[in-house]
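Participant: Sequence isn't available, so here's the structure alone:
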Ligand SMILES: N[C@@H](CCC(=O)N[C@@H](CS)C(=O)NCC(=O)O)C(=O)O
């Protein structure tokens, strides 16, 4: 275990998909960390409080603090962890496989998750005056589009193994499991995505994924 690992602090919300990705990565790498809850709804949203905004002007979790360093953006955090704490790599060795892992991770982190983020949903029902049914239709639509593409991509992929890329969990799996957790929470039927479900089930057998689950976090409700 690297000595400096004791300084790691994760500013975190139990249900946040992005924070869930980082918790999985920390668990896979066996890095201990302090868990600092940032409640996204309570107190008007603790992400908007000055102390947190100073760490991340985007006012989004997660933020990982490593000593004096504050890093936001879950994929940047995971890549940082992989470079700073190289034991148990979460990106494969070859450039082609690394690109593949990033491609899959980004397809979720850029093209599915942001459309269903809390502030986007609040804007739809608040500023745009849409009702809950319209919001739910939006969520279902963008999940269906994103997950169908991911299913088609992974189903035909020769590099796929037990996990998204090969038989070792990578940053892509750190994204897939939280994305499917969110999809289930939003009431999606996952039957059309058997490949995604099989990878998810393989991941769920690993303690790092089990310990990172939103239901196991100290601020879980
Ligand atoms: N691209 C960012 C997304 C971060 C993000 O959207 N975090 C959400 C929780 S999953 C959040 O803090 N939302 C607060 C809000 O919408 O006000 C990442 O990967 O870290």
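Facilitator: The structure has been received and is ready for your questions. Everything quoted here is computed from the prediction, not taken from an experiment.

Participant: For residue 144, which three-state class applies?
Facilitator: helix (DSSP: H, G, I helix; E, B strand; the rest coil).

Participant: What spatial separation is found between the closest residue to it other than its chain neighbours and residue 7?
Facilitator: Leaving out its chain neighbours, the residue that sits closest to residue 144 by C-beta to C-beta, 6 or more residues apart in numbering is residue 188, at 7.3 Å. C-beta here means a position set from N, CA and C on the backbone, and glycine is covered the same way. Relative to residue 7, residue 188 is positioned 38 Å away (criterion: C-beta to C-beta, to the nearest Å).

Participant: re the thing from before, in contact with the residue nearest to residue 144, which residues are there?
Facilitator: For residue 188, the contact set (C-beta atoms under 8 Å, 6 or more residues apart in numbering) comprises 140, 143, 144, 147.

Participant: wait, the second one sits on residue 116?
Facilitator: Yes. Contact between residue 143 and residue 116 holds when scored by C-beta atoms under 8 Å: they sit 6.9 Å apart.

Participant: residues shared between the contacts of those two?
Facilitator: With C-beta under 8 Å, 6+ apart as the test, residue 143 and residue 116 both reach 182, 186.

Participant: So what does residue 160 have for phi and psi?
Facilitator: phi -70, psi 140 (degrees, to the nearest 10).

Participant: ok so, going back, in three-state terms, label the residue nearest to residue 144 for me.
Facilitator: Judged by three-state DSSP, the three-state class of residue 188 is coil.

Participant: Show me what from the chain comes close to the ligand.
Facilitator: 16-18, 40, 45, 47, 60-62, 73-75, 109, 117-119 (C-beta under 6 Å from any ligand atom).

Participant: now those: which count as buried?
Facilitator: 16-18, 40, 45, 47, 60-62, 73-75, 109, 117 (16 or more other C-beta atoms under 10 Å).

Participant: Which members of these are the farthest-apart pair?
Facilitator: 45 and 75 (23.1 Å; C-beta to C-beta).

Participant: picking that back up, tell me the predicted confidence for the residue nearest to residue 144.
Facilitator: Here the pLDDT value assigned to residue 188 is 95.

Participant: From residue 127, how far off is it?
Facilitator: For residue 188, the distance to residue 127 - C-beta to C-beta - is 25 Å.

Participant: got it, and residue 34?
Facilitator: From residue 34 to residue 127 the distance is 36 Å (C-beta to C-beta).

Participant: Which stretches in this structure count as strands?
Facilitator: Ranges of strands within the chain are 8-12, 34-37, 63-66, 69-72, based on DSSP state E.

Participant: can I get these in TSV with mean neighbour count?
Facilitator: Listed next are the strands of the chain as TSV, based on neighbours: other C-beta atoms under 10 Å:
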stretch	mean neighbour count
strand 8-12	21
strand 34-37	15
strand 63-66	22
strand 69-72	16
